[in-house]
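Novice: here is my input, please return the structure:
(2 chains)
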2 protein chains.
Amino acid sequence: MHDTVLKAGDHPFDQATRVTLRDGRWRGETSDDYRAFIGPFGGFTAATMLRALLEHPDRAGDPLAFTVNFCAPVAPGTFDLDLHLIKANRSSQHWSITLSQDEIGVAAFATVVVAQRRETWSHQTAQPPVTTRYQDAKVLPDFGAAPWINQFEFRFTDGAPRFGRTPLVEPASAHSKVWIGNAVPRPIDAISLSAIADAFFARVFHVRGEVVPFGTVSMTTYFHVDAAELAAENATAVLGVADANVFHKSYCDQTGELWTASGRLLATTHQIGYFKA
Amino acid sequence: MHDTVLKAGDHPFDQATRVTLRDGRWRGETSDDYRAFIGPFGGFTAATMLRALLEHPDRAGDPLAFTVNFCAPVAPGTFDLDLHLIKANRSSQHWSITLSQDEIGVAAFATVVVAQRRETWSHQTAQPPVTTRYQDAKVLPDFGAAPWINQFEFRFTDGAPRFGRTPLVEPASAHSKVWIGNAVPRPIDAISLSAIADAFFARVFHVRGEVVPFGTVSMTTYFHVDAAELAAENATAVLGVADANVFHKSYCDQTGELWTASGRLLATTHQIGYFKA
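Specialist: Next comes the predicted model:
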């Protein structure tokens, strides 16, 4: 537990996902702190790609829709990020971001829609989940899994994982609710939301009660607030609600919602992943 | 009502979404039958892009994840489709598809993951919706809206739209269930699923009870069956379940599920759209 909230720039997450511009190309570097089973945690990759766009001088608007296709594991070391403005409209832009490495070629490919949002009629149809408050929820102890997990703090309030050595006889629920924040508290902005969107444990682990080979293939996140609104929320943790629909022939999906404690839906996220079971 | 199911190639949908290869470039053409308010129905655009990939000789695998970003309205006439293989893996490929026109530049940009799926443990956690059977559900009469709507047959079983001249005093539910098939019956394959995924009426129409300016900005569809399984289902209509979470500052989302009558979830789809209200 930490009492202080670090400024965004000084935070380990910002250090790990930093990007630099050299010879007209953005570069990033993998971080041992954000390692997963094979290559970096997908949320690290997504966040670093989004950061490059948010730091791009031609970017106009806040993230609205963000899709990352994970094409190959990123190898340890540096990588190139090529940003391309596909289309600029009056109040929105469409971008693509290619993450590549010499030995691998393209390891990830993303599209981002950014938009300048205007006041309109506003209505949240989704009902805020009812669950244990953040301050009353138990912190998930370190269970010696991949390093990236220790960069976050998980407080499950429903559907905590049971990772045994043998699969469950009957499939368990794919549904869980969990407070997720950075292990070192940090204000939640669009970049950190884009990482937290991938921080749910794979649904296949929950349903089978065991850890099996799994990798996210494609992930899409929709942002329901702009940057100013997100900053005004001043949140350091969000309530994540995740579920799944289908596990079939090597692939499975996941749906996710990221809520504030006050009941505002900040983002929704969906992904499809590969599994072996 | 038609008694015969046309072969895929002869069907008006296939005629409208046909693509031709000339000088190494795929070309398509807009169709008056699939016009929406401004430009073509998004499902037409998506389906035509996906068709170009499925007809590409280097494509290996069935559609798994398909994201289309609608960058600008497609102008009436022909358009170019540029397909690019981003990454090929052992059992999957990542592609991008760019739809462009001389006067407009890029009008739509898509990414597709195709995969050769293998038998694994299989589990559908999603519960099939309980609703009125297809044969007992009333066909939505033609209400003189955009031409594309008449290319499909809608049988609402829950949350049928009420499109009045004034908005509702209190927002209505965003949830609806509707059987959707082609007006001229046609077997449902991945291409038609990719169009039907965009055939839900905009959630903002349902919630406000009126038609307001709306356009899909980004749509993602995940396919939970491969081509052989889909063909074996031999369905000509699917049960669509749609809902929304947030309408805020010019943008709103939509979640959708496409089910067979026998309770199999064929695809899930999500989108974010622009609205004026």
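Novice: my read is A:Phe109 is in a strand, agree?
Specialist: Yes: assessed with DSSP: H, G, I helix; E, B strand; the rest coil, A:Phe109 lies in a strand.
Novice: gap between it and B:Ala65?
Specialist: 12 Å (CB to CB, to the nearest Å). C-beta coordinates here come from the backbone N, C-alpha and C atoms, glycine included.
Novice: likewise for A:Met49?
Specialist: According to CB to CB, A:Met49 stands 17 Å off from B:Ala65.
Novice: between these two, which is the more surrounded one?
Specialist: Taking other CB atoms under 10 Å in any protein chain shown, A:Met49 and B:Ala65 do not tie; A:Met49 has more neighbours (29 against 26).
Novice: all helices of the stretch 101-250 of chain A, in order?
Specialist: Secondary structure of the stretch 101-250 of chain A (DSSP state H, counting those that start in this stretch): helices at A:190-196, A:203-208, A:227-233.
Novice: show me what the second one packs onto, helices and strands only.
Specialist: The criterion is 3 or more CB pairs under 8 Å, 6 or more residues apart in numbering or on different chains; DSSP states H and E, and the helices and strands that helix A:203-208 contacts are strand A:246-248, strand A:251-259.
Novice: residues from the stretch 1-150 of chain A in reach of chain B?
Specialist: Residues of the stretch 1-150 of chain A lying close to chain B by CB under 8 Å from any CB of the partner chain are A:64-65, A:67, A:69, A:71-72, A:86-87, A:89, A:91-92, A:94, A:96, A:98, A:105-106, A:109, A:111, A:113, A:115, A:117-126.
Novice: A:Leu80 pairs with what?
Specialist: Actually, residue A:80 is Asp. It isn't Leu. Beta-bridge pairing of A:Asp80 under DSSP bridges involves A:Arg27, A:Ser100.
Novice: could you count how many residues lie near it?
Specialist: Residues near A:Asp80, counting by other CB under 10 Å: 16.
Novice: which helix runs longest in chain A?
Specialist: As assigned by DSSP state H, the longest helix anywhere in chain A is helix A:42-54.
Novice: and the next helix or strand after that one, how far out from the chain middle?
Specialist: From helix A:42-54 onward toward the C-terminus, using DSSP states H and E, the following helix or strand is strand A:62-70. Centre-to-centre, strand A:62-70 and its host chain are 10 Å apart (CA atoms, centre = their mean, to the nearest Å).
Novice: and strand A:62-70, what does it pack against?
Specialist: helix A:42-54, strand A:105-115, helix A:190-196, strand A:214-223, strand B:62-70, strand B:105-115, strand B:214-223.
Novice: how does it look with 6 Å?
Specialist: Here strand A:62-70 touches strand A:105-115, strand A:214-223, going by 3 or more CB pairs under 6 Å, 6 or more residues apart in numbering or on different chains; DSSP states H and E.
Novice: tell me how far the closest residue to A:Gly39 other than its chain neighbours lies from chain B.
Specialist: Nearest non-adjacent residue to A:Gly39, counting by CB to CB, 6 or more residues apart in numbering or on different chains: A:Pro73, 3.3 Å away. Separation of A:Pro73 from chain B (CB to the nearest CB, to the nearest Å): 10 Å.
Novice: which element is A:Pro73 on?
Specialist: Using DSSP H and E, A:Pro73 maps to neither a helix nor a strand.
Novice: please report phi then psi for it.
Specialist: phi -60, psi 130 (degrees, to the nearest 10).
Novice: any idea how far it is from B:Asp82?
Specialist: 28 Å.
Novice: so what's the residue count around A:Val74?
Specialist: Using other CB under 10 Å, A:Val74 is surrounded by 23 other residues.
Novice: follow-up on the earlier one: will you turn the helices and strands packed on strand A:62-70 into JSON lines that also has mean neighbour count and mean pLDDT?
Specialist: Listed next are the helices and strands packed on strand A:62-70 as JSON lines, based on neighbours: other CB atoms under 10 Å in any protein chain shown; pLDDT from 0 to 100:
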{"stretch": "strand A:105-115", "mean neighbour count": "23", "mean pLDDT": "98"}
{"stretch": "strand A:214-223", "mean neighbour count": "24", "mean pLDDT": "98"}
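Novice: let's have those in a markdown table, adding distance to B:Glu229.
Specialist: What follows is these, written out as a markdown table (distance: least, CB to CB, whole Å):
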| stretch | distance to B:Glu229 |
| --- | --- |
| strand A:105-115 | 27 |
| strand A:214-223 | 19 |
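Novice: and of these, who's closest to A:Glu229?
Specialist: Nearest of the helices and strands packed on strand A:62-70 to A:Glu229, taken as CB to CB: strand A:214-223 at 9.8 Å.
Novice: what are the contacting residues of the helix or strand that A:Ile272 is a member of?
Specialist: Assigned by DSSP H and E, A:Ile272 falls within strand A:265-275. Strand A:265-275 has contacts (CB atoms under 6 Å, 6 or more residues apart in numbering or on different chains) with A:126, A:193, A:197, A:204, A:212, A:214-225, A:250-259, B:65, B:222, B:245-246, B:270.
Novice: gap between it and the chain center?
Specialist: 8 Å.
Novice: picking that back up, any idea which of the helices of the stretch 101-250 of chain A is most buried?
Specialist: Mean neighbours per residue, mean count of other CB atoms under 10 Å in any protein chain shown, is largest over the helices of the stretch 101-250 of chain A for helix A:190-196, with a mean of 26.
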